[in-house]
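Colleague: Give me a model of this one.
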Amino acid sequence: MPTYEIYRVIGLAVFGIGVFSIVYIIAAAPSRIASRLGLRGLKRTRAIAGNEQWAAVEPFVRWLGVRVSGIPSEDQYRKLDEQIALAGDFMGLTADEFLALMVMGGLAAIVAGAIMGVVMQMGALPIIIGVPVGFALPYMQISGIAQDRMKAVSRGLPYVVDLMALCMGAGLDFPGTIRQVIDKSSNPDDPIVEEFTLISQGIQLGRTRREVLIEFAKRCPVEVVKEFTGALIQAEERGNPVADVLQIQAGASRMRRSVRAEEQAAKAGVAMIGPLMLVFGTVMCLIGGPMFLSMNQM
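Modeller: Numbering: from 1, shown residues only. Model prediction:
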């Protein structure tokens with residue numbers, strides 16, 4: 001019992017120091033000037049309308065985001081903002097609110113770790129383990145969403161290039177081709193459709209084709225997007241017909257899809273070796289186990 005009491009006191013002390021430190025850092029940090037949401041405001045409105053839980057905590061996250069906005073440096077702030085942009089402006093979050101969610105995850109881990117330490121008599125160990133996990137959990141979630149989004153753009157762009165080549169071969173101009181891609185889509189929430197919607201809106205606002213394509217490559221820094229935007233920008237600079245460039249890109253995309261499918265098929269056979277060996281071992285155990293037991297009894 002004395003040892004248990006010591007661990008409990010240590011756990012409570014660590015919990016109190018951790019909460020005090022976080023509150024002090026948040027209170028002492030200077031605040032940044034709140035930035036306008038812009039296009040993220042639309043994502044924020046949709047997220048609030050479609051998720052009641054997020055609608056309940058969003059005011060607190062916004063308030064805490066202002067309080068913690070002065071903690072990261074300019075470089076860290078820019079990296080957080082880029083990560084949100086790669087995730088498609090997930091839930092309309094800003095970098096301040098992203099950091100606020102990480103702080104909330106750390107606080108929740110402290111509370112859960114303290115309760116677990118008292119109930120399971122583990123002292124401060126759950127807090128020490130849980131705080132880094134709770135703090136990193138929102139970042140891991142955003143990173144996973146960003147990776148899934150980049151994969152969706154990589155898979156969807158070849159089909160879009162095929163449609164664009166078809167439309168421009170039929171006589172449509174570049175803005176009209178973009179509108180056809182958007183209108184013919186069955187899922188407006190598809191990442192590739194969202195990106196081409198931004199391209200169309202940028203052209204309608206008077207921005208040049210080069211500017212909107214460069215921004216597209218920045219929002220989706222994957223190889224197929226860089227190749228697509230680079231070919232269109234180069235065609236515009238040299239005066240080459242965009243329709244011919246798109247037809248070449250469409251042929252290259254089809255060839256790349258075939259090569260990728262063959263690679264995936266080749267990898268599938270190798271990946272099946274491990275599960276098949278486990279199944280084979282299990283079957284051998286089921287067959288040989290009773291025989292081995294009967295031989296021992298004899």
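Colleague: and residue 242, how far is that from residue 236?
Modeller: In this structure, residue 242 lies at 7 Å from residue 236, with Cβ to Cβ, to the nearest Å as the measure. In short, each C-beta sits where N, CA and C put it, glycine included.
Colleague: the domain parsing of the protein - what is it?
Modeller: Taking automatic domain parsing as the criterion, the chain consists of the domains 2-146, 149-271.
Colleague: what's the helix or strand that contains residue 178 packed up against?
Modeller: For residue 178, the element it lies in under DSSP states H and E is helix 174-183. Counting contacts by 3 or more Cβ pairs under 8 Å, 6 or more residues apart in numbering; DSSP states H and E, helix 174-183 is packed against helix 125-169, helix 191-204.
Colleague: elements contacting the longest one?
Modeller: So the one you mean is helix 125-169. The criterion is 3+ Cβ pairs under 8 Å, 6+ apart, and the helices and strands that helix 125-169 contacts are helix 2-28, helix 74-86, helix 95-119, helix 174-183, helix 191-204, helix 223-238, helix 242-271.
Colleague: For residue 47, which of these is the nearest?
Modeller: Closest to residue 47 of the helices and strands packed on helix 125-169, according to Cβ to Cβ: helix 95-119, at 11.5 Å.
Colleague: In the stretch 1-150 of the chain, where is pLDDT below threshold?
Modeller: Scanning the stretch 1-150 of the chain with the threshold set as pLDDT under 70 gives 1-9, 11-12, 15, 18-20, 22-38, 123-124.
Colleague: What count of nearby residues applies to the residue nearest to residue 39 when sequence neighbours are not counted?
Modeller: Sequence neighbours aside, residue 89 is the residue nearest to residue 39 in space, at 6.6 Å (criterion: Cβ to Cβ, 6 or more residues apart in numbering). Residue crowding around residue 89 was assessed by other Cβ atoms under 10 Å; the count is 21.
Colleague: contacting residues around residue 89?
Modeller: Taking Cβ atoms under 8 Å, 6 or more residues apart in numbering as the contact definition, residue 89 lies against 39, 40, 43.
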